[in-house]
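S.K.: I would like to see how this sequence folds:
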Amino acid sequence: MKKFYHEHRIFVILMGLAAICLILVIFLLFRYFAFGNSRNVSRRTCENISEAVKSEKVSGLKEDKLIDGANIRVNERSNIVFVTINFNDEASLEVAKSRAVTAYEKFEDKAKECYDFQFMLVQEATPGIDGFRIMGAKNLTGTNFVWNNNNITKDNT
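M.R.: Residues are numbered from 1 along each chain as shown. Predicted structure coming up:
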C-alpha cells in the first residue's frame, strides 16, 4: 500500500478530494430535498388567513375613484394571492403600479408571510387611450415587486 501511495501520490490526493466533494454534494442535495425551501409557515396558519384576505381587501380597492373593479383570489394549494384590478380611463400605468403597491401594503403581515402576491393591472383601450395590461409579482422572500414589460402598445402591433 505504501508503495502504491508513493508511486501515485497525486492520484490518491485527487481521489480523496473528489470523494470529499461527492459527500458534500450528496449532503447538500439531501438537505435541500428533505427540508424543502424556506417556507416555514404551517398550512393551517395560511388557511385561517385566506378568508380574511379575500373579504376585507376588495372593498378597500373598490373605493378608489381610479379603480372600476377588483377581484382577489387565493390559491391555498400554491400559497398565491391573485389580485386583478381594472382601472378607468383616468389612470396612468405608473399610478396603477403605485395603487397596486399600496394595496399590497394594506394586507396583514400574516398574509404577507404566508403568500406570494401576483397583481394584474388592466385598463381597456379606448379611442383616446392605449390602455395597458401588466402583471407584477412579489415573492415571500423578495423585497420589491417585479413588473413585466411586455405591455402592448401601438408600436408593437
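
S.K.: what's near enough to touch residue 67?
M.R.: Contact analysis of residue 67 by Cβ atoms under 8 Å, 6 or more residues apart in numbering lists 61, 85-88, 91, 99. Yep, even glycine has a C-beta here, placed from its N, CA and C like the rest.

S.K.: Residue 81 contacts residue 111, correct?
M.R.: Yes. Residue 81 is within contact range of residue 111, at 7.1 Å (criterion: Cβ atoms under 8 Å).

S.K.: Counting neighbours around each, name which of those two comes out higher.
M.R.: Between residue 81 and residue 111, residue 81 has the larger neighbour count (other Cβ atoms under 10 Å), namely 25 against 20.

S.K.: Now the element after the helix or strand of the chain with the lowest mean pLDDT, going C-ward?
M.R.: Taking mean pLDDT, DSSP states H and E as the measure, the chain has helix 43-62 as its least confident helix or strand, at a mean of 61. Scanning forward in sequence from helix 43-62 by DSSP states H and E, the next helix or strand is strand 67-75.

S.K.: Give the rounded mean pLDDT of that next one.
M.R.: On average, the pLDDT along strand 67-75 is 84.

S.K.: going on from it, what's the next piece of helix or strand?
M.R.: Using DSSP H and E, the helix or strand that follows strand 67-75 towards the C-terminus is strand 80-87.

S.K.: Tell me the buried residues in that next one?
M.R.: Residues 81-87 are the ones in strand 80-87 that count as buried (16 or more other Cβ atoms under 10 Å).

S.K.: and what of stretch 117-125?
M.R.: By neighbour count on 16+ other Cβ under 10 Å, the buried set for stretch 117-125 is 117-123.
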